[in-house]
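Engineer: this one's structure only:
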């Protein structure tokens, strides 16, 4: 799954008020964000101890000059929660001549933590036991389940 860091605006992503983001990506990376593609929002890069938030689905991804940004688009991107006004945002992003990719998205509901555990680990473990899989395969999956639990325990209900 693709990940998008919302380090500066994670509060607006978490409360689902943010539905657009602007990125200075290389075209090859931006091509991955086609309409319908699901990505996971993260608080910051995993190498900096980032955490998963929830998934979102791309509505569109296209280049747009910061000078063409509408007030509505400014509000979708976090608006006055983070910047005093649209022009301050544009200045902070490098000026009206800059042309980032605009990604508009819709927020999705993360499946419950328990459902994820059952789907990814309990059912496969039961099937391995029924199929007579060797113990090392079962131990490997148990280790993955333990790592999953440790990594995601903070988001558990």
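Structural biologist: Looks like it arrived, so ask away. What you see is a predicted model, and the numbers here were worked out from it, not measured in a lab. Residues are numbered from 1 along each chain as shown.

Engineer: Show me what residue 41 bridges to in the sheet.
Structural biologist: Beta bridges link residue 41 to residue 4 when assigned by DSSP bridges.

Engineer: what about it, how many residues close to it?
Structural biologist: 23 (other Cβ atoms under 10 Å). The way it works is simple: take the backbone N, C-alpha and C, and place the C-beta from them, glycine included.

Engineer: Could I get the pLDDT score of it?
Structural biologist: pLDDT recorded at residue 41 is 93.

Engineer: and what of residue 63?
Structural biologist: According to the prediction, residue 63 has pLDDT 98.

Engineer: mind pulling up the phi and psi values for it?
Structural biologist: When read as degrees, to the nearest 10, the backbone of residue 63 gives phi -80, psi 140.

Engineer: How many residues are close by the closest residue to it other than its chain neighbours?
Structural biologist: Excluding the flanking residues, the one nearest residue 63 by Cβ to Cβ, 6 or more residues apart in numbering is residue 99, at 5.2 Å. Other residues within reach of residue 99, judged by other Cβ under 10 Å, total 15.

Engineer: just the helices in this protein please.
Structural biologist: Using DSSP state H, the helices of the chain run over 10-14, 27-30, 71-76, 86-92, 113-117, 123-131, 135-152.

Engineer: Check which helices and strands the third one is in contact with.
Structural biologist: Helix 71-76 is packed against helix 86-92, with contacts defined by 3 or more Cβ pairs under 8 Å, 6 or more residues apart in numbering; DSSP states H and E.

Engineer: Pull out the buried residues from the helix it packs on.
Structural biologist: For helix 86-92, a neighbour-count test (16 or more other Cβ atoms under 10 Å) marks 86, 89, 90 as buried.

Engineer: Return the member of the residues you listed nearest to residue 129.
Structural biologist: Taking Cβ to Cβ as the measure, residue 129 lies nearest residue 89 of the buried residues of helix 86-92, at 55.5 Å.

Engineer: Let me know whether residue 60 touches residue 36 as I believe.
Structural biologist: No: if you go by Cβ atoms under 8 Å, residue 60 and residue 36 don't touch, sitting 10.2 Å apart.

Engineer: more neighbours, the two?
Structural biologist: Taking neighbours as other Cβ under 10 Å, residue 60 and residue 36 compare with residue 60 leading, 13 against 8.

Engineer: quick check, nearest of the buried residues of helix 86-92 to residue 135?
Structural biologist: Within those, the smallest distance to residue 135 is 56.8 Å, found for residue 89 (Cβ to Cβ).
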